[in-house]
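Asks: Build the 3D model from these lines:
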Amino acid sequence: MVCSATFRLPGPLAVTVAQVDQMSGGRVDFGIGAGWYDVEHVAYGIPFPSTNERFERLEEQLQIITGMWRALPGDQFSFEGQHYTIVGSPALPKPLQPGGPPIIIGGHGKRRTPRLAATYAAEFNQPFPQVDDYRAQVKVVREACETIGRDPDDLFYSVALTVCCGESEEELGLRAGKLGLRLEDLRATAAAGRPSEVIDRIADFVDAGAQRVYLQLLDCSDVEQVHLLADRVVKVLP
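Replies: Residues are numbered from 1 along each chain as shown. From the prediction side, this is the model:
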């Protein structure tokens, strides 16, 4: 899951992620974004500033978090920005992974998101796009890497897709209905259908530049679908 920059202060967030990285033996991937879901902010009393300010805060948080992770042991870290100021932080604890956990940045933006991904991320992710949109976004992100002198192949490219899989039309219809969605709509926008259709959908995104595909299972109680995906989709993929 992705942490919104509006949810946490950057200093404690850097410490928290570093602690979990230590506790997990270096298994943390750190996803962070500017935040987009205003309803969620209202529901929990979290301020939801303008899009421009959210991106300003995200970039300052990335500078602070990576700076704290990479400061040498015994050194102090300081930062002065428009929204956050850090003075003399011991920047402890350090993550287990050298330089800090891989950072995942994603989204549909054509200017700031690609630049931030090229500058700070180990992985770029786009959630729930159409294939042509994904191919175009990967191109924009690769160009952003070239602009700052980074090898575009140094960045990992991934996509998130909602999945709905069944062995028959009846089974698919029942699963779509439980989600309150029409099967035709899922087939048009997600990795939906029989196992072969799901595989073909994944292959389309691989052809568009995806190196990793995250499948979003909306009904987590549907264990039979998990087994179906494991046996008839995942095992077939290279």
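
Asks: At which residues are the helices of this protein located?
Replies: Secondary structure of the chain (DSSP state H): helices at 10-23, 38-43, 51-70, 112-120, 131-147, 169-178, 183-189, 195-207, 223-229.

Asks: closest one to residue 97 among the ones you listed?
Replies: helix 10-23 (5.9 Å; CB to CB). All C-beta atoms are positioned from the backbone trio N, CA, C, and that covers glycine.

Asks: Now do that closest one against helix 51-70: the angle between them, please.
Replies: Relative orientation of helix 10-23 versus helix 51-70 (axes from the mean of the first three to the mean of the last three CA atoms, to 10 degrees): 50 degrees.

Asks: What is helix 10-23 packed up against?
Replies: helix 51-70, strand 85-89 (3 or more CB pairs under 8 Å, 6 or more residues apart in numbering; DSSP states H and E).

Asks: What strands flank the last one, and is each parallel or antiparallel?
Replies: I take that to be strand 85-89. Sheet pairing of strand 85-89 (DSSP bridges) gives strand 77-80 (antiparallel).

Asks: and the partner strand, how far out from the chain's middle?
Replies: 27 Å (CA atoms, centre = their mean, to the nearest Å).

Asks: Would you format the helices of the chain as a markdown table with mean pLDDT, mean neighbour count and distance to residue 79 included?
Replies: Below are the helices of the chain laid out as a markdown table (pLDDT from 0 to 100; neighbours: other CB atoms under 10 Å; distance: least, CB to CB, whole Å):
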| stretch | mean pLDDT | mean neighbour count | distance to residue 79 |
| --- | --- | --- | --- |
| helix 10-23 | 98 | 18 | 9 |
| helix 38-43 | 96 | 12 | 25 |
| helix 51-70 | 98 | 20 | 5 |
| helix 112-120 | 98 | 21 | 14 |
| helix 131-147 | 98 | 17 | 24 |
| helix 169-178 | 95 | 15 | 48 |
| helix 183-189 | 91 | 14 | 41 |
| helix 195-207 | 97 | 17 | 38 |
| helix 223-229 | 97 | 15 | 44 |
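
Asks: could I get these as JSON lines with distance to residue 104?
Replies: Listed next are the helices of the chain as JSON lines, based on distance: least, CB to CB, whole Å:
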{"stretch": "helix 10-23", "distance to residue 104": "12"}
{"stretch": "helix 38-43", "distance to residue 104": "19"}
{"stretch": "helix 51-70", "distance to residue 104": "12"}
{"stretch": "helix 112-120", "distance to residue 104": "9"}
{"stretch": "helix 131-147", "distance to residue 104": "13"}
{"stretch": "helix 169-178", "distance to residue 104": "28"}
{"stretch": "helix 183-189", "distance to residue 104": "22"}
{"stretch": "helix 195-207", "distance to residue 104": "17"}
{"stretch": "helix 223-229", "distance to residue 104": "22"}
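
Asks: just to revisit the earlier point, what's the closest of the helices and strands packed on helix 10-23 to residue 115?
Replies: Among the helices and strands packed on helix 10-23, the nearest to residue 115 by CB to CB is helix 51-70 (8.9 Å).

Asks: Residue 166 - how many residues pack around it?
Replies: 23 (other CB atoms under 10 Å).

Asks: pretty sure it contacts residue 198?
Replies: No. Applying CB atoms under 8 Å, one finds residue 166 not in contact with residue 198, separated by 9.7 Å.

Asks: Of the helices and strands packed on helix 10-23, which is nearest residue 110?
Replies: helix 51-70 (12.8 Å).

Asks: Need the CA coordinates for that closest one. PDB is fine.
Replies: This file holds the C-alpha atoms of helix 51-70, laid out as PDB (Å, rounded to 0.1, in the frame of the first residue of the first chain):
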ATOM      1  CA  THR A  51      -2.700  19.700  -5.400                       C
ATOM      2  CA  ASN A  52       0.300  22.000  -5.800                       C
ATOM      3  CA  GLU A  53       1.000  22.000  -2.100                       C
ATOM      4  CA  ARG A  54       0.600  18.300  -1.700                       C
ATOM      5  CA  PHE A  55       3.200  17.700  -4.400                       C
ATOM      6  CA  GLU A  56       5.500  20.300  -2.700                       C
ATOM      7  CA  ARG A  57       5.100  18.400   0.600                       C
ATOM      8  CA  LEU A  58       5.800  15.100  -1.100                       C
ATOM      9  CA  GLU A  59       9.000  16.300  -2.600                       C
ATOM     10  CA  GLU A  60      10.200  17.700   0.700                       C
ATOM     11  CA  GLN A  61       9.300  14.500   2.400                       C
ATOM     12  CA  LEU A  62      11.300  12.500  -0.100                       C
ATOM     13  CA  GLN A  63      14.300  14.800   0.400                       C
ATOM     14  CA  ILE A  64      14.100  14.400   4.200                       C
ATOM     15  CA  ILE A  65      13.400  10.700   4.300                       C
ATOM     16  CA  THR A  66      16.200   9.800   1.900                       C
ATOM     17  CA  GLY A  67      18.500  12.300   3.600                       C
ATOM     18  CA  MET A  68      17.900  10.800   7.000                       C
ATOM     19  CA  TRP A  69      18.400   7.200   5.700                       C
ATOM     20  CA  ARG A  70      21.600   8.000   4.000                       C
END
